[in-house]
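Q: Fold the following and give me the result.
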Amino acid sequence: WRAQSRSWKLLSSSCFCGPVSRTPPGAARISDMRSSLLGKGCVGKTSMRTIGLLQRIAPVRAAVAATRRVHAQVATTEASQRLEEVSSAGSATPAVDPYVVPPVNHRELPTNYAPETRFTVDSVAAADALRFRLDPSVEFWANHLTRIRTLANSRSFSDVPSQEITNRQRLADLVATVTDLLSTSALQDAESAAYWTYHLGRAGFFLGASAGGAIAHHLSEQFSALSSSKEAARTPLQNLSANATSELTNRLAECIAVWKQDLENIKKGLYKLPWDMTTLSHRQYNPLFVLSRSAQFFSEAIYTLNRRINNADPNNWFSTNMYPKYYADNTFHYQTDGWFSSGSANVYEFSTEALFFGRQDAMQRTTLVPLAEHIRATGADPAGMTLLEVSCGTGRFHTFVKDNYPTMSTIASDLSPFYLSKARDNVKYWKSMRAASLDLGGTDKTGTDYMQCAMESIPLPDASVDAVLCVYSFHEMPEGARLAAVQEFYRVLKPGGLAVLTDSAQLGDRLEWDRNLGQFGNFNEPHYRNYIACDFGAMFESVGFNCGTKYVASASKTLSFTKPYTPKGNSDGNGFATAAAANGNGNGKAAVSAADLEISAGAGGHPLVAGDPQLN
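A: Next up, the predicted model:
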């Protein structure tokens, strides 16, 4: 489609035949146009080749359009079947249209474009509305107006405000927001006052750290240019400085909104106040510790931003066939050593919090909401539950799980031995601060065990865990690997078990961001543009899950799923939909097959299995 559009524009401009049409031509129009232009004598060899190209592309475009119509028809049929099932069960129909998704197809923009695959859709938010109960946060954030920019983008790109407003108006809006915050939340009680004092201080600290990293990189570029007698490239600091008031007010407004939501969840008893906030002996209050971490971050910022600006080689520092290729061969975010060094693990938490001005923890804590609601609804005793967090990274979020459910048995898994070791250290530190006298079992008497594995191949027995959490991982995986992981979640969960997915916002979740959402893919995130268009409701349902509730928190979204007590359709003892593809899974969708994983066979013709290094 994009090649056809470009060729059509080239044809129109080269022949001086009037303005470019907004509708790419079909085969019949191309033939008529060719005859007409030949009659005018204004078609050269280049244009004739272009016309030939258009004639060859036209059938492809027709096939793509037909495929989209089939997808739309399938989605409509599934939605109708779902509503009929809900109605026949006598339950209330979930709200499916809390806000209007604009008809503009932002997925086709070059910033967001990714090839169409089985689970890609034009508006994920619209697809979610058909499958999930929508928490009030979904509507709030869909209509929350802030601009978005990318810190490390060396070239400016257009913001998408609903209207042009001055810096003075932005400051006035921020003052009004803070005033409203003081009157409605911060001054309500001592707990709220403490929460806002801590988090506004946190915002100020990470704002300064983010600025410090940009300044360090800018100075590095200037010194490098002086020593080489070359003109320095434009840096992110210069881009941010040119629009500093807008950047500052928008990011602080995001922080205030997400922290207000976080505090409301705490007031509802869904989870506790952050343990690092209430533990005054925590190392984050130690100036020497803070200075050490800040120095590491400034050094990392220089190297990371240089790689981004120069489009550096994304390959890792070593080669291996022990890990999935998509994981081992890429240094995501252009971070030093990718996921494969202790230095990377040590600076990761600081780097991501600086990127989000200190609001990442609050966004991730939304994962605890469906977990708390599931425990309340089922009456389960946390002490008798087993929870698995896949791709746990440094384990920082896992410490929030532990602090809320200290007697729950947990398993933290990750592919990187360096990050898994860091997770162990963080959980040990949590225990020393919060449960020093308790023997909780597990490794280091923390109640947590550790597992190095790909989430596509989890070395646990069938139906062995009560909950699976996955935070900030799917956007770095190809679609086939995501589907293999979802299969594993289903396999290891007990019937009635809970799966929670938290990751980046997708198309339609933040309407004002849609035009530029895929920009993050430029930060060495090769699967991000596919991710923002991936319908996870359809993916999880294709394996057998039931969709639960959707939540949004600033730049993140959270989806909950449950494994039904009675497997859908024909299945083996594990609940997998293993009937032949022709039989489907009882929900009008074909059973999962090797084709869904974008693979057929490995070396020697043997079928590939989840977790195989060739599954990329």
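Q: quick one: low-confidence parts of the stretch 101-250 of the chain?
A: Scanning the stretch 101-250 of the chain for pLDDT under 70 picks out 101-104, 146-174, 177-178, 181-183.
Q: so where do the helices sit in it?
A: Using DSSP state H, counting those that start in this stretch, the helices assigned to the stretch 101-250 of the chain run over residues 124-131, 136-142, 167-181, 190-228, 236-241, 244-267.
Q: Deepest in the core, which of those is it.
A: Mean neighbours per residue, mean count of other CB atoms under 10 Å, is largest over the helices of the stretch 101-250 of the chain for helix 124-131, with a mean of 23. Glycine gets a C-beta too; all of them are placed from N, C-alpha and C.
Q: what would the helices of the stretch 101-250 of the chain look like in TSV with distance to S464?
A: Output for those, formatted as TSV (distance: least, CB to CB, whole Å):
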stretch	distance to S464
helix 124-131	27
helix 136-142	32
helix 167-181	45
helix 190-228	37
helix 236-241	46
helix 244-267	29
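Q: Please name whichever of those is nearest to E541.
A: Comparing the helices of the stretch 101-250 of the chain by their distance to E541 (CB to CB), the top pick is helix 124-131, with 7.2 Å.
Q: What is the closest one packed up against?
A: For helix 124-131, the elements it packs on are helix 45-88, helix 136-142, helix 536-543, judged by 3 or more CB pairs under 8 Å, 6 or more residues apart in numbering; DSSP states H and E.
Q: count of neighbours near N105?
A: Counted by other CB atoms under 10 Å, the residues lying close to N105 total 12.
Q: Hmm, I typed the wrong one, I wanted K325.
A: By other CB under 10 Å, the residues close to K325 number 14.
Q: now swap in N404 and tell me
A: A count of nearby residues for N404, using other CB under 10 Å, gives 17.
Q: does it really touch L368, like I thought?
A: Yes: if you go by CB atoms under 8 Å, N404 and L368 touch, sitting 6.3 Å apart.
Q: what residues do the two have in common as contacts?
A: Y271 (CB atoms under 8 Å, 6 or more residues apart in numbering).
Q: Rounded mean pLDDT for stretch 457-466, please.
A: Mean pLDDT, stretch 457-466: 97.
Q: Counting neighbours, show which residues of it come out buried.
A: Across stretch 457-466, burial judged by 16 or more other CB atoms under 10 Å covers S457, I458, L460, A463, V465, D466.
Q: three-state assignment of the third one?
A: Put simply, L460 is coil when judged by DSSP: H, G, I helix; E, B strand; the rest coil.
Q: quick one: the closest residue to it other than its chain neighbours from V401, how far?
A: Using CB to CB, 6 or more residues apart in numbering and skipping residues adjacent in sequence, the residue nearest L460 is V492, 4.8 Å away. Using CB to CB, to the nearest Å, V492 is found at 17 Å from V401.
Q: and if you look at C534?
A: To V401, C534 is 26 Å away according to CB to CB.
Q: which residues in the chain form strands?
A: All strands of the chain, identified by DSSP state E, fall at 133-134, 386-390, 409-414, 448-452, 465-471, 493-504, 546-553, 556-562.
Q: Can you check which of these gets nearest to Y327?
A: Comparing those against Y327 with CB to CB, the closest turns out to be strand 409-414 (10.6 Å).
Q: where along the stretch 351-500 of the chain do the helices fall?
A: With DSSP H, counting those that start in this stretch as the criterion, the stretch 351-500 of the chain has helices at 360-365, 368-378, 396-404, 417-434, 479-492.
Q: and the last one, C-alpha only, in CSV?
A: Extracted as CSV, the C-alpha positions of helix 479-492 are listed here (Å, rounded to 0.1, in the frame of the first residue of the first chain):
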residue,chain,number,x,y,z
GLU,A,479,4.5,-12.0,17.9
GLY,A,480,5.2,-15.7,17.5
ALA,A,481,7.2,-15.7,20.8
ARG,A,482,4.4,-13.9,22.6
LEU,A,483,1.9,-16.5,21.5
ALA,A,484,4.2,-19.3,22.6
ALA,A,485,4.5,-17.5,26.0
VAL,A,486,0.7,-17.2,26.3
GLN,A,487,0.4,-21.0,25.7
GLU,A,488,2.9,-21.6,28.5
PHE,A,489,0.9,-19.3,30.9
TYR,A,490,-2.2,-21.3,30.2
ARG,A,491,-0.4,-24.6,30.7
VAL,A,492,1.2,-23.8,34.1
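Q: Contacts only, for D381.
A: No contacts exist for D381 under CB under 8 Å, 6+ apart.
Q: I'd like the strands of the chain laid out as a markdown table, including distance to H106.
A: Rendered in a markdown table, the data for these read as follows (distance: least, CB to CB, whole Å):
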| stretch | distance to H106 |
| --- | --- |
| strand 133-134 | 21 |
| strand 386-390 | 30 |
| strand 409-414 | 33 |
| strand 448-452 | 39 |
| strand 465-471 | 26 |
| strand 493-504 | 15 |
| strand 546-553 | 17 |
| strand 556-562 | 17 |
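Q: quick one: which of the ones you listed is nearest L280?
A: Using CB to CB, the nearest of the strands of the chain to L280 is strand 448-452, at 24.4 Å.
Q: pLDDT averaged over that closest one - what is it?
A: Mean pLDDT, strand 448-452: 98.
Q: What helices and strands are in contact with it?
A: Under the contact criterion of 3+ CB pairs under 8 Å, 6+ apart, strand 448-452 touches strand 409-414, helix 417-434.
Q: what angle do the shortest one and strand 386-390 make?
A: For strand 409-414 and strand 386-390, the angle between their directions (axes from the mean of the first three to the mean of the last three CA atoms, to 10 degrees) works out to 10 degrees.
Q: Count the neighbours of G384 for me.
A: Close neighbours of G384, defined as other CB under 10 Å, add up to 10.
Q: got it, and S556?
A: Residues near S556, counting by other CB under 10 Å, number 25.
Q: and if you look at L280?
A: Neighbourhood size, L280 [other CB under 10 Å]: 7.
Q: For R359, see how far away it is.
A: According to CB to CB, L280 and R359 sit 22 Å apart.
Q: surely R515 meets P110?
A: No: R515 is beyond contact range of P110, at 10.6 Å (criterion: CB under 8 Å).
Q: Which one of the two is surrounded by more residues?
A: Using other CB under 10 Å as the criterion, R515 and P110 rank with R515 on top: 18 against 8.
Q: Check the more buried one and give its pLDDT.
A: On pLDDT, R515 comes in at 90.
Q: R396 now?
A: Note on R396: pLDDT of 97.
Q: now swap in the one 10 residues further on and tell me
A: What the model reports as pLDDT for P406 is 97.
Q: Now do the same contact list for R131.
A: R82, G537, A538, E541, C547.
Q: ok, now how distant is the third one from L483?
A: The one in question is A538. Distance from A538 to L483, by CB to CB: 11 Å.
Q: No further queries at this time; thank you.
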